[in-house]
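Visitor: Below: sequence and its predicted model.
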2 protein chains.
Amino acid sequence: MEKQVEHQGDFFPDYDNKDSKLIVNEGVPQPPITNPYVKKFYKKRPEILTADQYMEGILAGNTTILSQAITLVESYLPEHRAVAQEIIKRCQPISSERKTMRIGITGVPGAGKSTFIESFGSYMTSCGHKLAVLAIDPSSEKTKGSILGDKTRMETLCNDPMAFIRPSPSAGSLGGVARKTRETILLCEAAGYDTIFVETVGVGQSETAVHSMTDFFLLLLISGAGDDLQGIKRGIMEMSDMINVTKADGTNKEKAEMAKVLYINALHLFPPTESGWVPTSVTSSSVTKEGLPEIKEKIDSYFELVRGNGYYEKRRREQARYWMYESINESLKNMFYENPEIEKLLPEYEEAVLAGKLESFTSASELIDKYKLSK
Amino acid sequence: MEKQVEHQGDFFPDYDNKDSKLIVNEGVPQPPITNPYVKKFYKKRPEILTADQYMEGILAGNTTILSQAITLVESYLPEHRAVAQEIIKRCQPISSERKTMRIGITGVPGAGKSTFIESFGSYMTSCGHKLAVLAIDPSSEKTKGSILGDKTRMETLCNDPMAFIRPSPSAGSLGGVARKTRETILLCEAAGYDTIFVETVGVGQSETAVHSMTDFFLLLLISGAGDDLQGIKRGIMEMSDMINVTKADGTNKEKAEMAKVLYINALHLFPPTESGWVPTSVTSSSVTKEGLPEIKEKIDSYFELVRGNGYYEKRRREQARYWMYESINESLKNMFYENPEIEKLLPEYEEAVLAGKLESFTSASELIDKYKLSK
């Protein structure tokens, strides 16, 4: 994977800069120890290619260029934005035509998500699929360890020329991270990956985000449900298209099979899905590889169903609209919550509401009034 | 129930009004057939009381004054806002102290929600509870019938001096309607109602809104699950604290009991709740009244549990904060979506996104840029 090199080039400061706050003693000017011009130098030496060059690389399936383009899309630097937008714009129609399979994967801690993705992903590539594995982990800034861990655990897939693994974008809110992952999907699809895994990392709120950018949602559980479900949020089960009871091998196999039957029965009690698909449960083992072909078969029959009945297209369109509105609303919120006046007042108001001293709506409308005045 | 009298008083227009657009023939002035001054006259003859007067009536449990105060809170007229806010502000601490039971009720079509509320509500009042029944129905402007229907079906409760029934506020978005219902809860609690039912009306999105303003969520289902669940959205089951299989009488009783057992088993497979409560299933009949005492017992033990372990307070506080942010975000959205420029452009952009011609985020950021410029 590429490493971001932030500090490079000639570190000698630009003394012609009028905004310089550096106080220089009379005599020989000294370069500062912490260089305030790094960004400036970085700008002076543009590393980024043109949109045409990126697109050429992406369409040729060049993973180095694809990685660089994703880094650009993930970047928050204003100077990267125009090219990034252009790449996304050009990938969009190509991606739309390819009718890929976007599969969301989540699981309880201990279900062996990484080993499952490794073994099931390898099975998929052995069947001729080109696979991209992406992740949404809004907490990854804090828990960088988990990603590194994931990558070492996915050794086979990392070295598989049919697979492309990309860790979660590491900066920003859930909305921001999810947005970037969704854009990355488009780039990967344009680069020829027909199967996309989007995994949730850690115990978080990212399940809904993953669900809203994928076609199929796979939940990994282990036998002995109940206490073991501690890690997943209520509501996740009902959005799952398939529950896979993992670690169905050795002495655990029988228990896993029993759990599967329980889940099949429970899933039947849920309201029917809009897709017409009846969510089901299976078992698998990442050790013996048993169950993996069955999972692929079931996923294939899901896609056959939804491509046939129009739900595939319908859901993709609804997701596109959903993300348009999500993105608008996210921007509106950022404008408000990053307003200096609001940033100052919000904690006081929140405290008053939590203490029961102020009604939620009174508090909100006073803050909105102040926001309007502050502009 | 009170009837809103919108047109009353002296309808003769105010000819001194400088802004008058009325063209008057020379000679005797004629009042217009459609009176453009109604609002003005309404203002001149204030029907609204002072906040003190409302509070006196509410605290005395005067249902006429309570109804009028709720109407004021529901009003979108700017001149009502200050007094309404003042009432809410004063009811807030009183409501907080009373540690009431807020119970959300939803159900599949055909589960007999109204008759259940009628019979269970009557049982609650017979046990000495003062009950307010509220509703959230964002579609009620279109489907006024259902509310009228509800009221005729709740005859006993309507005539019960221990019960107060208030239909859903009828105007605005789900956010607006939910907000007003939440404020109404505060007024009812200040007026001495210790038990609040908030029902969802129709098949809608209101379940989440109801869930986020109540302490306990009750889902009504009927036996023969599966196809009969068509009416409820996926995810509702997992937010329920209790599933009541209704119509457990006559030849249906056995089937209802079987369904109950199925649901109890299914509920055990769900991740544990944060409250520590184990969601359960019961059966009831609004005809024979069987099952009603058991439901009350279970609800009582829920409240005993959550008041004991601090979850009651914690959830109430979190809900207050949730509604503060919801309300802020709702206002921010209204400011954007009601902007004339955006109103004009949005349909085009949405169409382009739905057609796959424009990426969601590109579309969103272009709209946001236009919004910033338009202000």
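Guide: Structure received. What you see is a predicted model; the values in this text were computed from it and never measured. Residues are numbered from 1 along each chain as shown, chains lettered A, B, ... in the order given.
Visitor: what about the helices in chain A?
Guide: A:38-44, A:51-59, A:63-74, A:78-97, A:113-126, A:144-153, A:155-158, A:174-190, A:206-211, A:253-268, A:292-309, A:311-337, A:340-354, A:360-374 (DSSP state H).
Visitor: can you list the ones you listed in TSV and add distance to A:Val245, mean pLDDT and mean neighbour count?
Guide: Where you see a C-beta, it was placed from the backbone N, CA and C, and this is true even at glycine. Formatted as TSV, those follow (distance: least, CB to CB, whole Å; pLDDT from 0 to 100; neighbours: other CB atoms under 10 Å in any protein chain shown):
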stretch	distance to A:Val245	mean pLDDT	mean neighbour count
helix A:38-44	50	47	14
helix A:51-59	38	95	18
helix A:63-74	33	93	20
helix A:78-97	33	89	18
helix A:113-126	11	95	21
helix A:144-153	20	50	14
helix A:155-158	22	86	16
helix A:174-190	27	89	24
helix A:206-211	18	88	22
helix A:253-268	5	89	18
helix A:292-309	11	97	16
helix A:311-337	26	92	18
helix A:340-354	41	93	15
helix A:360-374	42	90	18
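Visitor: CSV for those, including distance to chain B?
Guide: Shown next, in CSV, are these (distance: least, CB to the nearest CB, whole Å):
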stretch, distance to chain B
helix A:38-44, 22
helix A:51-59, 13
helix A:63-74, 10
helix A:78-97, 4
helix A:113-126, 16
helix A:144-153, 21
helix A:155-158, 28
helix A:174-190, 6
helix A:206-211, 10
helix A:253-268, 4
helix A:292-309, 16
helix A:311-337, 4
helix A:340-354, 5
helix A:360-374, 4
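Visitor: Save those as CSV, and put in distance to A:Thr283 too.
Guide: CSV is the format used below for the helices of chain A (distance: least, CB to CB, whole Å):
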stretch, distance to A:Thr283
helix A:38-44, 51
helix A:51-59, 38
helix A:63-74, 34
helix A:78-97, 33
helix A:113-126, 12
helix A:144-153, 21
helix A:155-158, 22
helix A:174-190, 29
helix A:206-211, 22
helix A:253-268, 5
helix A:292-309, 9
helix A:311-337, 27
helix A:340-354, 45
helix A:360-374, 46
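Visitor: Which among these is found nearest to B:Ser95?
Guide: Nearest to B:Ser95 among the helices of chain A is helix A:360-374; the distance by CB to CB comes to 12.2 Å.
Visitor: who's in contact with that closest one?
Guide: Applying CB atoms under 8 Å, 6 or more residues apart in numbering or on different chains, the external contacts of helix A:360-374 come out as A:336, A:339-342, A:345-346, A:349-350, A:352-353, B:85, B:88-89, B:179, B:182-183, B:320-328, B:331-332.
Visitor: ok now do A:Lys130, which residues does it touch?
Guide: A:Met162, A:Ala163, A:Phe164, A:Gly192, A:Tyr193, A:Asp194, A:Thr195.
Visitor: So what's the residue count around the nearest residue to it once chain neighbours are set aside?
Guide: Take A:Lys130 and drop its neighbours on the chain: the residue closest to it by CB to CB, 6 or more residues apart in numbering or on different chains is A:Tyr193, 4.7 Å away. Using other CB atoms under 10 Å in any protein chain shown, A:Tyr193 has 26 other residues around it.
Visitor: So A:Tyr193 sits against A:Leu134, correct?
Guide: No. With contact defined as CB atoms under 8 Å, A:Tyr193 does not count as touching A:Leu134 (9.8 Å).
Visitor: Just give the nearest non-adjacent residue to the most centrally placed residue in chain A, would you?
Guide: Most central in chain A under CA atoms, centre = their mean is A:Ile136, positioned 2.8 Å from the mean C-alpha point. Closest residue to A:Ile136 apart from its sequence neighbours, by CB to CB, 6+ apart: A:Ser206 at 4.4 Å.
Visitor: separation between the one you found and A:Ile185?
Guide: As judged by CB to CB, to the nearest Å, A:Ser206 and A:Ile185 stand 15 Å apart.
Visitor: Same question for A:Thr100.
Guide: 8 Å.
Visitor: just A:Asn265 next, same as before
Guide: Counting by CB to CB, the gap from A:Asn265 to A:Ile185 is 34 Å.
Visitor: same question, A:Ala259
Guide: A:Ala259 is 32 Å from A:Ile185, by CB to CB.
Visitor: ok, A:Arg166 touching A:Val133?
Guide: Yes. If you go by CB under 8 Å, A:Arg166 and A:Val133 touch, sitting 7.0 Å apart.
Visitor: Looking at those two, which has the bigger crowd around it?
Guide: Between A:Arg166 and A:Val133, counted using other CB under 10 Å, A:Val133 has the larger neighbour count: 26 against 20.
Visitor: A:Glu86: what's it in contact with?
Guide: Taking CB under 8 Å, 6+ apart, one finds A:Ala51 in contact with A:Glu86.
Visitor: what does A:Leu218 give?
Guide: Contacts of A:Leu218 by CB under 8 Å, 6+ apart are A:Ile103, A:Gly104, A:Ile105, A:Thr106, A:Ser240, A:Asp241, A:Met242, A:Asn244, A:Ile295, A:Ile299.
Visitor: Now flag whichever of those residues is closest to chain B.
Guide: Ranked by distance to chain B (CB to the nearest CB), the contacts of A:Leu218 are led by A:Ser240 at 9.7 Å.
Visitor: if we can go back for a sec, which of the contacts of A:Leu218 fall in strands?
Guide: A:Ile103, A:Gly104, A:Ile105, A:Thr106, A:Met242, A:Asn244 (DSSP state E).
Visitor: A:Phe270 - how many residues pack around it?
Guide: A:Phe270: 22 neighbours (other CB under 10 Å).
Visitor: Tell me if I'm right that it and B:Met237 touch.
Guide: Yes. Counting by CB under 8 Å, A:Phe270 does reach B:Met237; the two are 6.4 Å apart.
Visitor: what touches both of those two?
Guide: A:Glu238.
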